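**Q** quick one, what's the 3D model for this:
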Amino acid sequence: MKRKSWLAITFITAALLTAGCGSNDQAEQNHSDHTQHAPNGDLQEMTASADQLPKFLDNQDPVIIGSYKVAAANRELLKSIPCYCGCGESAGHGHNGNCFIKEEKSDGSIVWDDHGTRCGVCMEIAVISGKMKEEGKSTKEIRDYIDQTYGQGYGKPTPTPMPS
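**A** Next up, the predicted model:
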């Protein structure tokens, strides 16, 4: 079973690496009363809960949708995991979770961010982190792995505090 899981991760990783970070004209679609643009141009949309994905994912590739599901299921973990695509400077993100979710409100509603829809690095970090958690790795072990793996040859990391 572990071999199948790692094969799936390998496939997803390959797909995400080809995606990279870039613009997405599809982000302009599906506007509603709960949709707005961040100062950097990212589309943000509010839903009632983390179980309700934003409409900007409606016509996206299943790999992208899957990464948003992983991010939603691992919100606390991703607050301790930096992103290495440069979004700390370009979008003001504080951790990898911000690539998918801008904010979780006190009533449980979620303000989603479409940055992750066009960034393979963001998606890859979230998916790998979620998989490692599923395998029983601690937050610190996951953070160390992400820092080692993405510390060279990627963008400046987000200013994410080290987990205790």
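**Q** distance of residue 106 relative to residue 153?
**A** Going from residue 106 to residue 153 by C-beta to C-beta, to the nearest Å gives 39 Å. Quick note: C-beta positions are derived from backbone N, CA and C, even for glycine.
**Q** so where's the chain uncertain?
**A** Across the chain, residues meeting the criterion (pLDDT under 70) sit at 1-33.
**Q** at 50 instead, please
**A** Residue ranges of the chain with pLDDT under 50: 1-4, 6-7, 10, 14, 16-19, 23-32.
**Q** strands of this protein, start to end?
**A** Under the criterion DSSP state E, the chain carries strands at the ranges 35-37, 43-47, 101-104, 110-113.
**Q** in the shortest one, what's buried?
**A** I take that to be strand 35-37. Neighbour counts over strand 35-37 (16 or more other C-beta atoms under 10 Å) mark residue 35 as buried.
**Q** pairing partners for that strand, with directions?
**A** When pairing is defined by DSSP bridges, strand 35-37 lines up against strand 43-47 (antiparallel).
**Q** ok, residues contacting the partner strand?
**A** Contacts of strand 43-47 with the rest of the structure, by C-beta atoms under 8 Å, 6 or more residues apart in numbering, involve 27-28, 30, 32, 34-38, 53-56, 102, 105, 109-114.
**Q** make it 6 Å
**A** The contact list for strand 43-47, computed with C-beta atoms under 6 Å, 6 or more residues apart in numbering, reads 27, 34-36, 38, 54, 56, 102, 109-114.
**Q** that's all I had, so thanks and see you.
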